[in-house]
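Colleague: Task: produce atomic coordinates for the following.
(2 chains)
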Amino acid sequence: MKEKLEKINFIDKKFSETTQSFGFKKIHPKILSDYNSLNTEHDSLLKLITPSGKIKLLQNDPTKSLLKRDILFKKNYYMTTGFEANKEIETLKGGIENLEKASIKSDVETIIIAYKFLKNLNIENFILEIGHTHFIENLLKINKLSNKDRKKIYNAIHNKNSLTIDKILKDKNISNQKGKLLKKLPKLFGKYNKVLKTIKKYEIKEINPIVEYLEKFKDILKIYNIDFEKIKIDLSLTNKYSYYDGFIFKGYVDDYGQRLLKGGRYIYNSLNGTGFGFEVNKLMEVIKMERNLEDYTILGTNESSVMIANQLRTKGYKVNQINQKLTSKAIKDIQTKYIIEVNDKKIKIIDQLKNTTQKQKLNDFTKKIQTLTLKESIH
Amino acid sequence: MSINIAVSKGRVFKAFVKILKKKGFEFDGLKGRKLIIPSKDKSINLIVVKSSDVPLYVKNSFAELGVAGRDVIDEYENVFYELLDLDIGSCDLCIAGKENLDLEKEPLTIATKYPKQASNYLKQKNKDGKIIKLNGSVELGPILGISDCILDIVETGTTLKENDLVVKEHFKEINSLIISNKIFYKTKFDLIDNLIKKIKE
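Modeller: Have a look, this model is predicted:
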């Protein structure tokens, strides 16, 4: 349980550090909103009844809740609780929303933040996979297809159901370049350059803007000097949420069969933005956490222990003071670099990392702290 | 590295093993009560589970692949890749009720194990209705007056007949198919693709 809390703090810290280094500012999405019986979207949300009998909604999608606010920064990040109505649970969610003018540069920046965030969490084997909502839409502009056929093919592409795609194309006698590419689409994913090269071979004018976009996207990505093995393309990624419009992406790792994050460019409530979101509990399954130890834990119930803790803090150390007597087993379980047990005139210093103990006079130790410069080692 | 396949127990399991055997896979312990059965060449592990649990094993990444009927898979919209239709375990998902049932009735109450598909049925028919989720013996719905009708799979029709119910409408055909966890499909593509190709041949 304690490890779980530390992991949440670790993710929170790394997320803040990463996003802030790109100029993002923290914002708190509203959790409660008003109920409107005419809005069918509300059917899927958890409801809360106030003491006066009013119905309020508990948000499940922080992006939607955030974008309904009147005042926003241009670059926002958040960590907040989302309520899953179907599972009747609350989930800690994080994400960014960049509302600067739409450009490839801000799209690339979004994916770079996701890349650096996962890197900073010490996740080695992650993949970020890019798609584009206009790709399939443009490819399906075939006169012989009815709207119903298009919808069926669209769903089949989403599910990588080659048989259904083949059957419809055969029934409608579609064998042109678009048809050929549609057939190939379920397996057209993987290395950035390879996929791009394959698409170009088909020479379909309707998809040229997306090819050009992906070329430019790649050129800007290169500036960030990233590992291209971690950036892949899957043009069969479809727009499950109708608000995505343009590039979309998802992130996952080799040995964990669940998506870690997803995002892309969207238009919602007339706001054009780009961003991504993640569930903290999924990241917790795959992160390798640095041990974020406090420098000192001071054990003691007298005033001297308060004095030592305060002196160490003024020198820049992280100090946890415990004002109660602990059993030797409880002392062993403390996770910190040094433990100092303070008695009236003597102290005992336990070095947890080296597993050594030394005793000193209280006066000698306090004099030593006073002569230290900021965060200089005492031992 | 081996691939875990969650397979719906019963006739789908038997039919799927038959297909695998034809493609050269061999298994020990098929007749016992083992729940995980590896192939002799260790390339696949069959995990024998209840039909409605197959999607859960695949979704929650305990198995790379799953074999189950479309009736249970379609309760999870857009969660899996549908890699291959196996043409086994064929049956129909039907609306059934008492002989005198009027399907024009509104609101129409449907007892079913498949609430999502019942909801889709009502949407398709542009009907007002109510869905009652039951986990089994759904035929009791119309008999006890819990519902007007049921949405359930019909194979031979014997259970319906013995309970004085009749098929009123065929909603959709059900076949078993191989589904894949979306992430594992990417990260273990070669293994999965080779297996699917082998089964398809």
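Colleague: Residue A:64 against residue A:273, yeah?
Modeller: No. Contact criterion C-beta atoms under 8 Å: residue A:64 and residue A:273 do not qualify, at 11.8 Å. In this view, the C-beta of every residue, glycine as well, is placed from N, C-alpha and C.
Colleague: what kind of secondary structure is the residue of chain B most remote from its centre in?
Modeller: Checked against the mean C-alpha position of chain B, the extreme residue using C-alpha atoms, centre = their mean is residue B:100, at a distance of 29.5 Å. At residue B:100, secondary structure determined by DSSP: H, G, I helix; E, B strand; the rest coil is coil.
Colleague: Next one: the residue nearest the centre of chain B from residue A:173, what distance?
Modeller: Within chain B, the residue whose C-alpha comes closest to the C-alpha centroid is residue B:69; the distance, by C-alpha atoms, centre = their mean, is 2.5 Å. For residue B:69, the distance to residue A:173 equals 32 Å [C-beta to C-beta, to the nearest Å].
Colleague: got it, and residue A:20?
Modeller: 56 Å.
Colleague: The two: which is more packed in?
Modeller: Neighbours were counted for residue A:20 and for residue A:173 using other C-beta atoms under 10 Å in any protein chain shown; residue A:20 has more, 13 against 8.
Colleague: How much space separates that one from residue A:257?
Modeller: Noted for residue A:20: a distance of 32 Å to residue A:257, by C-beta to C-beta.
Colleague: one step back: looking at residue A:64 and residue A:273 now, which is surrounded by more residues?
Modeller: Taking residue A:64 and residue A:273 together and counting by other C-beta under 10 Å, residue A:273 has the greater number of neighbours (25 against 16).
Colleague: thought that one was touching residue A:246?
Modeller: No. Residue A:273 is beyond contact range of residue A:246, at 10.6 Å (criterion: C-beta under 8 Å).
Colleague: hmm, back to that, thought the residue nearest to the centre of chain B was touching residue B:8?
Modeller: Yes. The pair residue B:69 and residue B:8 qualifies as a contact (C-beta under 8 Å) at a distance of 6.8 Å.
Colleague: Distance from stretch B:15-30 to the middle of the chain?
Modeller: Relative to the chain's own centre, stretch B:15-30 is displaced by 20 Å; criterion: C-alpha atoms, centre = their mean, to the nearest Å.
Colleague: wait, I meant stretch A:304-322
Modeller: Distance, stretch centre to chain centre, for stretch A:304-322: 35 Å (C-alpha atoms, centre = their mean).
Colleague: Can you check the distance spanned by it, start to finish?
Modeller: The first and last residues of stretch A:304-322 sit 13 Å apart, counting by C-alpha to C-alpha, to the nearest Å.
Colleague: If you count neighbours, what's buried in that stretch?
Modeller: For stretch A:304-322, burial by neighbour count (16 or more other C-beta atoms under 10 Å in any protein chain shown) applies to A:304, A:305, A:307, A:308, A:309, A:311, A:312, A:315, A:317, A:319, A:321, A:322.
Colleague: Are there residues contacting both of residue B:69 and residue B:8? Which ones?
Modeller: B:51, B:89, B:176 (C-beta atoms under 8 Å, 6 or more residues apart in numbering or on different chains).
Colleague: Narrow those residues to those in strands?
Modeller: residue B:176 (DSSP state E).
Colleague: With neighbour count and pLDDT added, can I get the shared contacts of residue B:69 and residue B:8 in a markdown table?
Modeller: Supplementary listing: the shared contacts of residue B:69 and residue B:8 in a markdown table, determined by neighbours: other C-beta atoms under 10 Å in any protein chain shown; pLDDT from 0 to 100:
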| residue | neighbour count | pLDDT |
| --- | --- | --- |
| B:51 | 22 | 93 |
| B:89 | 25 | 77 |
| B:176 | 30 | 94 |
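Colleague: Tell me the one among the shared contacts of residue B:69 and residue B:8 nearest to chain A.
Modeller: Sorting these by how near they are to chain A, with C-beta to the nearest C-beta, puts residue B:176 at the top with 13.6 Å.
Colleague: which ones are touching the closest one?
Modeller: By C-beta under 8 Å, 6+ apart, the neighbours of residue B:176 are B:8, B:12, B:15, B:16, B:67, B:68, B:69, B:70, B:86, B:88, B:89.
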